[in-house]
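Chemist: Predicted structure and sequence below. I'll ask about it afterward.
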Number of protein chains: 2
Amino acid sequence: MRSLPDHALATGLDLARDLFERLRAASLDPPGVTRASYGAGERAAHAIVADAARGLGLEVSADAIGTLHMRLPGRDRAMPAVAMGSHLDSVPHGGNFDGAAGVVLGLAVAAALRAGGLAPRRDLLVLGIRAEEMCWFPAHYLGSRALFGLLPREAPDMLRRADTGRTLAEHMVDEGFDPAPIREGRALLDPDSLACFIEPHIEQGPVLVEEALPIAIVSGIRGSLRYPRAVAHGAHAHAGAVPRTHRRDAAMAAVMLLAALDARWAMLEDGGADLVCTTGILATDPEHHAPTKVPGTLRFSLDIRSEDAALLAELDRWLALEALRIGGARGVAFDLGPPTHAAPAPMDEALRALLMRAAGTAGVPVREMASGAGHDCATFAGLGVPSAMLFLRNANGSHNPEEALDMADVGAALAVLAPTVASLLD
Amino acid sequence: MRSLPDHALATGLDLARDLFERLRAASLDPPGVTRASYGAGERAAHAIVADAARGLGLEVSADAIGTLHMRLPGRDRAMPAVAMGSHLDSVPHGGNFDGAAGVVLGLAVAAALRAGGLAPRRDLLVLGIRAEEMCWFPAHYLGSRALFGLLPREAPDMLRRADTGRTLAEHMVDEGFDPAPIREGRALLDPDSLACFIEPHIEQGPVLVEEALPIAIVSGIRGSLRYPRAVAHGAHAHAGAVPRTHRRDAAMAAVMLLAALDARWAMLEDGGADLVCTTGILATDPEHHAPTKVPGTLRFSLDIRSEDAALLAELDRWLALEALRIGGARGVAFDLGPPTHAAPAPMDEALRALLMRAAGTAGVPVREMASGAGHDCATFAGLGVPSAMLFLRNANGSHNPEEALDMADVGAALAVLAPTVASLLD
């Protein structure tokens, strides 16, 4: 493991602090910041980051779709590069750190390496990725998939931004970019040119705050099994006049199915499985429901996530059988509706081990944890690029103005990332 | 038990068939019939019924609030009368039988007695009650409570009809009636002038259809404990990033409470308790819910009914404790909101026995059952008037155009009611 002098890490941290302040000021939209995908706030963020990269002597370019490529050149330009980065867009009135932290830490590592006087063998490539927040264009990892030619070819003309109703292609052209590579399925970066990808990101849950840990190494990005539009079909009936055995109560059948899922979740988790289950929508029909009416229909959603693809498949089979069993017993037909599946993205074992070792060396307390949310890193992992994520402690969740990232924790992340990257670059 | 010749019962049944047809024709509003409280359809129904009563030689009068009093005079006018009847309003686009069946059967009994040549000692009083359906004016048993001076004095000027927004007083005056007795809390009928009250009514549930029985004798009218506006307060969170133990999931806490209530219901019912429990409303917040968000709030309703007032009180205490236990374990605060209570109305033992005996004599198969819905009969029972209800088999539930009452079952009811009333009148 390479080590870096304290003043080098301090230089990196100063840059990070300065960049976060400039990013906030440039995209302020009280409460919070707004950096729409291919919009003004994202444009301002890219300009600030590019300017800082040039100041560090990095080679800076934007590709045809607007991805920012910032290279600290190595001694051997032919070798696969070590890549870092994340996205620079935000949700409307969001926080300053979701996404931006990954790009800022990439530049902070570059600054630390430079200040430490290192002359690495490989290139360090810091990526400022476009359009990750699905609230603007309804596609997962839009920017990183477009970067590798993985977006459906019709995407530029089919996807419309939620706030304007205009197409991705129109917004790209407005910003001076070109939708042609997406329409042609053409990659703008060769995955074989990357030795690995590391994405730092704020934690979007409360675990690190509650456990008083500054950072975590991500074990894997959970895959998901989702039934967003499930319905229980029973029969409306009089709340007073219809006895228990004659009811076909859609709400109670769904309650039983969800209670069974909760019990199974608890059992599997006790056995060490990685799993989260959410029913975000649970709704009797507002046109017809009343306190004195046994509900005939109930709409609900299921979102089940795990690092373990086999567990998701097993739960899917269990759900179908349980819905039949409970539905049969209660005269209710469950229609779970069309599912969506996202495959889990395991993080690279060797990179995880290297990051854990670096944390030990730097004396930074750390744990491993799964990422429940999807991240651009899943695109890189899906292409076979050895990938890792580092989570930073963050209070109050993400996608809201109250995101809170302590600069001391940025320092801790830097103290782990800079020597790790220095070693990888050698 | 007095008996009646077959031709007398046939005369009563012919009248009933004819009245149902005339009532339907006069209030047709496809699909179904509409007889708004103090509206045109109710007015037409009162006119048809009054006309038929006059044809039978009954003394007919409407009181100040529009209740129709139809008396078959007895030999001793000073003795308390035997009363029958029900309401003549319906829900919008409702069925032809809910309410009307009780008035029609009252007149059918009078016709049968007359055709049988009986000269009873007491008066038979058939009542056409106003305004029972709560969908028009939001008050329980409006017409029967007003009849006995039991309505709040402000009711005529506070209650507004759902379809017009105009007050009860305005609608009463439109129909030629006078809200003054209600404003003065003045009874228009002395409960001491009644020996008993019998209300025939269609069953609003499916039990008689499924058990192939034409009629039931009601054991009691269930009381209710209702929490129409309960809320579970937890905290919104990211569906992927927040682990099980850190969640404050309002939906899952409510699911657990409702599953516990369902289990308790099943246990109590297995032990012989009379109980029905309904959650008619179950709703995450449509402004904020999403499949990928742990819901922070959930609105729900509880409607619990039983003939047993002590059981309702016990369940109320159990609910409060269970909400604390489950809420505490899951970081969710339950606010059950303001409850409403309706006391159970037990039916008179002697009247029930008399009706059962008459069914046996007439060879009409019968069972006892609780009434889950409230009825005008509860007003009479609450005043200490010995009261009973007879349910008639009815397919497809009530309050909808598909109410289905077979005239053969009206005949069976008449074969039980006519000799019972004849005996009571002696």
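Modeler: Great, that's in hand. Numbers count the residues shown, from 1 in each chain, chains lettered A, B, ... in the order given.
Chemist: which non-adjacent residue is nearest the residue of the stretch 1-150 of chain A found nearest chain B?
Modeler: Closest contact between the stretch 1-150 of chain A and chain B, by C-beta to the nearest C-beta, is at A:M134 (9.4 Å). The C-beta positions use only the backbone N, C-alpha and C, and glycine is treated the same way. Distances taken as C-beta to C-beta, 6 or more residues apart in numbering or on different chains put A:H140 closest to A:M134, at 6.6 Å, once the chain neighbours are dropped.
Chemist: Can you classify the one you found by secondary structure?
Modeler: Put simply, A:H140 is coil when judged by DSSP: H, G, I helix; E, B strand; the rest coil.
Chemist: Can you give me the separation between it and A:R226?
Modeler: 12 Å (C-beta to C-beta, to the nearest Å).
Chemist: Please identify every residue contacting each of those two.
Modeler: A:A342 (C-beta atoms under 8 Å, 6 or more residues apart in numbering or on different chains).
Chemist: In chain A, where is pLDDT below threshold?
Modeler: Low-confidence regions of chain A, defined here as pLDDT under 70, do not occur.
Chemist: so what's the residue nearest the centre of it up against?
Modeler: By C-alpha atoms, centre = their mean, chain A has its centre lying nearest to A:H375, at 2.8 Å. Going by C-beta under 8 Å, 6+ apart, A:H375 touches A:S86, A:E132, A:Y141, A:E199, A:H201, A:I221, A:M389.
Chemist: Please indicate which of those has the highest neighbour count?
Modeler: A:E199 (33 neighbours; other C-beta atoms under 10 Å in any protein chain shown).
Chemist: if I've got this straight, that one is in a helix?
Modeler: No: the assignment for A:E199 (three-state DSSP) gives strand, which keeps it out of a helix.
Chemist: Quick check: it vs B:P243, distance?
Modeler: Note on A:E199: its distance to B:P243, by C-beta to C-beta, is 21 Å.
Chemist: now do A:G223
Modeler: 16 Å.
Chemist: With A:F148 instead?
Modeler: 31 Å.
Chemist: Repeat that for A:A53.
Modeler: 37 Å.
Chemist: so where does the residue of chain A positioned farthest from its centre fall, helix or strand?
Modeler: The centre of chain A is farthest from one residue, A:A241, which by C-alpha atoms, centre = their mean lies 50.5 Å away. Counting by DSSP states H and E, no helix or strand carries A:A241.
Chemist: Let me see the contact set for it.
Modeler: Contacts of A:A241 by C-beta under 8 Å, 6+ apart are B:E203, B:Q204, B:G205, B:S371, B:G372, B:A373, B:G397, B:S398.
Chemist: Keep only those of those that are also close to chain A.
Modeler: The subset of the contacts of A:A241 within reach of chain A, by C-beta under 8 Å from any C-beta of the partner chain, is B:E203, B:Q204, B:G205, B:S371, B:G372, B:A373, B:G397, B:S398.
Chemist: Give me the spatial nearest neighbour of the residue in the stretch 151-300 of chain A positioned nearest to chain B, chain neighbours excluded.
Modeler: Of all residues in the stretch 151-300 of chain A, the one sitting closest to chain B is A:G240 (2.7 Å; C-beta to the nearest C-beta). Using C-beta to C-beta, 6+ apart and skipping the chain neighbours, the partner closest in space to A:G240 is B:G372 (2.7 Å).
Chemist: Please report the distance of A:G360 from chain B.
Modeler: To chain B, A:G360 is 25 Å away according to C-beta to the nearest C-beta, to the nearest Å.
Chemist: so what secondary structure elements neighbour the helix or strand where that residue lies?
Modeler: Element membership of A:G360 [criterion: DSSP H and E] is helix A:349-362. Judged by 3 or more C-beta pairs under 8 Å, 6 or more residues apart in numbering or on different chains; DSSP states H and E, the packing partners of helix A:349-362 are strand A:194-202, strand A:215-221, strand A:366-371, strand A:387-392, helix A:407-425.
Chemist: Identify the residues contacting the fourth one?
Modeler: Read it as strand A:387-392. So strand A:387-392 is in contact with A:97, A:101, A:196-203, A:208, A:214-218, A:221, A:345, A:347-348, A:351-352, A:355, A:369, A:371, A:375, A:377, A:380-381, A:405, A:409-410, A:413, A:416-417, going by C-beta under 8 Å, 6+ apart.
Chemist: which parts of the stretch 101-250 of chain A sit against chain B?
Modeler: Checking the stretch 101-250 of chain A against chain B by C-beta under 8 Å from any C-beta, the hits are A:203-207, A:210, A:222, A:224, A:226, A:228, A:237-244, A:246, A:249.
Chemist: Tell me which of the residues you listed fall in helices.
Modeler: Within these, residues falling in helices by DSSP state H are A:V207, A:E210.
Chemist: quick check: domain ranges of chain A?
Modeler: A:6-222+A:344-425, A:223-342 (automatic domain parsing).
Chemist: can you list these in a markdown table and add distance to B:L282?
Modeler: Compiled in a markdown table, the domains of chain A are given as follows (distance: least, C-beta to C-beta, whole Å):
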| stretch | distance to B:L282 |
| --- | --- |
| domain A:6-222+A:344-425 | 26 |
| domain A:223-342 | 5 |
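Chemist: List just the one of the ones you listed that sits closest to B:G41.
Modeler: domain A:223-342 (21.9 Å; C-beta to C-beta).
Chemist: residue contacts, the closest residue to A:M84 other than its chain neighbours?
Modeler: In this structure, A:M84 finds its nearest non-sequential neighbour in A:G106, 3.7 Å apart by C-beta to C-beta, 6+ apart. Applying C-beta under 8 Å, 6+ apart to A:G106 gives the contacts A:M70, A:M84, A:G85, A:S86, A:L124, A:V126, A:L127, A:P200.
Chemist: could you point out which element follows the host helix or strand of A:G106?
Modeler: Using DSSP H and E, the element containing A:G106 is helix A:100-115. Counting by DSSP H and E, the next helix or strand C-terminal to helix A:100-115 is strand A:124-129.
Chemist: Residues contacting that next one, please?
Modeler: Under C-beta under 8 Å, 6+ apart, the answer for strand A:124-129 is A:45-46, A:49-50, A:53, A:58, A:67-72, A:74, A:81-88, A:103, A:106-107, A:109-110, A:113, A:143-144, A:147, A:194, A:376, A:421, A:425.
Chemist: so what's the backbone phi/psi at A:A62?
Modeler: Note on A:A62: backbone dihedrals following degrees, to the nearest 10 are phi -110, psi 140.
Chemist: Near it, how many other residues are there?
Modeler: A:A62 has 17 nearby residues by other C-beta under 10 Å.
Chemist: if I read this right, it contacts A:M70, doesn't it?
Modeler: No: in this structure A:A62 lies outside contact range of A:M70 using C-beta atoms under 8 Å: 10.0 Å.
Chemist: joint contacts of the two?
Modeler: A:A50.
Chemist: before we move on, the earlier item: quick one: the residue nearest to A:M84 and A:V173, what's the gap?
Modeler: Taking C-beta to C-beta, one finds A:G106 at 28 Å from A:V173.
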